[in-house]
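*Asks:* I'll drop the sequence and a predicted model, then ask my questions.
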Amino acid sequence: MTALPEKDPVTGKYPEPAEGEPVVHANAGAPKADGAVRVATVNVNGIRASHRKGMREWFAGRGVDVLTLQEVRAPADVTAQLVREIVGEDWDEVHLADAVAAAKGRAGVAIASRFPLGEVRTGIADADGYFDDAGRWIEADLRLPDGSPLTVVSAYVHSGEVDTPKQVDKYRFLDEMVRRLSELAAGEGHALVTGDLNVGHTELDIKNWKGNVKKAGFLPEERAYFDRFFGDLGYVDVARRLAGEVPGPYTWWSYRGKAFDTDAGWRIDYHMATPALAERAVRAVVDRAESYDTRVSDHAALVVDYRL
């Protein structure tokens, strides 16, 4: 485990770094219950950029056991190298699976784990293979410390754009998610679907929801899919269950204007868990940067502890 500086005993904060030294994230060293598994998901908005901006310093001492990434936007060899640098000394071994998009510099998802990965499946297994090389879905089977099987998914849903082919593809992908989520829920063990799903489910999930009801990301037709995910299909919105019916906590803020400073965000990154796993979720935290200039991405990591 990476050694961290001592917190100030009065403020509870890490000391200000000297010029040129990295910022230690406020949640570094956060306690984790015995037997808990900590799963983090984050859209890195390009792993090269997030690595350069300090993702290694965010990861250090954070106690993450499984890390899922979206918008990796890099070849497999580059992703493998940078993930190992990000993980550093925190893990003895790195087990990595990724799905690179055929479109260079676009999309891309990955799963990194301290635990060995079993079978890995890339693509959402749609019948005609339309999304096979889209770099938007990867799932991996692993065994949790208590021996129970878990399928982890890293998903990146299209952002969409009203009345364009982008929105058509988004609905097509969401349709495939309905099918695949049902299949996973019917399988052995737990299922956990994580990632940037690019839809705010309810009015609590967007600061300016009134101004976005006719825009991609908050359309009634998009939100209806999430009604089904968390309804008929039986999945649990883990962060919402733990936070309660409160605004946010948001996970994405535009780089434009003062969105971050005024917390005018969207909650579009999720942990969607099958019920038995959701019951074991004990803590969810959004690792929001302390300032605009210390962000590693336009998204913040969503970190959840599952007591096993």
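*Replies:* Right, received. Where do you want to start? Numbering: from 1, shown residues only.

*Asks:* all helices in the stretch 201-308 of the chain, in order from the N-terminus.
*Replies:* For the stretch 201-308 of the chain, the helices defined by DSSP state H, counting those that start in this stretch occupy 220-229, 238-243, 275-278.

*Asks:* just checking, what packs against the second one?
*Replies:* Translated: helix 238-243. strand 269-273, strand 281-287, strand 301-307 (3 or more Cβ pairs under 8 Å, 6 or more residues apart in numbering; DSSP states H and E). For every residue, glycine as well, the C-beta is placed using N, CA and C.

*Asks:* quick one on the thing from earlier: mean pLDDT, mean neighbour count and distance to residue 86 added to the helices of the stretch 201-308 of the chain, as a markdown table?
*Replies:* Formatted as a markdown table, the helices of the stretch 201-308 of the chain follow (pLDDT from 0 to 100; neighbours: other Cβ atoms under 10 Å; distance: least, Cβ to Cβ, whole Å):
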| stretch | mean pLDDT | mean neighbour count | distance to residue 86 |
| --- | --- | --- | --- |
| helix 220-229 | 98 | 17 | 30 |
| helix 238-243 | 97 | 19 | 23 |
| helix 275-278 | 97 | 17 | 25 |
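
*Asks:* picking up where we left off before, just name the most buried of the helices and strands packed on helix 238-243.
*Replies:* Most buried of these, by mean neighbour count (mean count of other Cβ atoms under 10 Å): strand 269-273, with a mean of 26.

*Asks:* so what does it touch, helix or strand wise?
*Replies:* strand 36-43, strand 190-196, strand 236-237, helix 238-243, strand 281-287, strand 301-307.

*Asks:* who touches residue 197 in this structure?
*Replies:* 155, 157, 226, 268-270 (Cβ atoms under 8 Å, 6 or more residues apart in numbering).

*Asks:* let's have those in CSV, adding distance to residue 149.
*Replies:* Below are the contacts of residue 197 laid out as CSV (distance: Cβ to Cβ, whole Å):
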residue, distance to residue 149
155, 19
157, 25
226, 26
268, 28
269, 24
270, 21
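
*Asks:* out of the residues you listed, who's nearest residue 259?
*Replies:* residue 268 (13.4 Å; Cβ to Cβ).

*Asks:* number of residues surrounding that closest one?
*Replies:* Neighbour count for residue 268, taken as other Cβ atoms under 10 Å: 23.

*Asks:* per-residue pLDDT, it?
*Replies:* On the pLDDT scale, residue 268 is placed at 98.

*Asks:* swap in residue 32?
*Replies:* Listed pLDDT for residue 32 reads 86.

*Asks:* ok, now which ones touch it?
*Replies:* 38, 63, 305.

*Asks:* what's opposite residue 155 in the beta bridge?
*Replies:* Judged by DSSP bridges, the bridge partners of residue 155 are residue 137, residue 195.

*Asks:* surely it is in contact with residue 136?
*Replies:* Yes. Applying Cβ atoms under 8 Å, one finds residue 155 in contact with residue 136, separated by 6.6 Å.

*Asks:* now for these two: what residues contact both?
*Replies:* residue 109.

*Asks:* does the one residue sitting closest to the centre of the chain have beta-bridge partners, and which?
*Replies:* By Cα atoms, centre = their mean, the chain has its centre lying nearest to residue 41, at 2.4 Å. When assigned by DSSP bridges, residue 41 has beta-bridge partners residue 68, residue 302.

*Asks:* distance of it from residue 103?
*Replies:* Note on residue 41: its distance to residue 103, by Cβ to Cβ, to the nearest Å, is 22 Å.

*Asks:* now do residue 238
*Replies:* Distance from residue 238 to residue 103, by Cβ to Cβ: 31 Å.

*Asks:* which of the helices of the stretch 201-308 of the chain sits closest to residue 45?
*Replies:* Taking these one by one with Cβ to Cβ, helix 238-243 is closest: 19.9 Å.

*Asks:* which residues touch that closest one?
*Replies:* Helix 238-243 is contacted by residues 201, 204, 249, 267, 270-273, 278, 281-284, 286, 302, 304 when judged by Cβ under 8 Å, 6+ apart.

*Asks:* what's the closest of the residues you listed to residue 179?
*Replies:* Within the contacts of helix 238-243, proximity to residue 179 (Cβ to Cβ) peaks at residue 272, which comes in at 14.8 Å.
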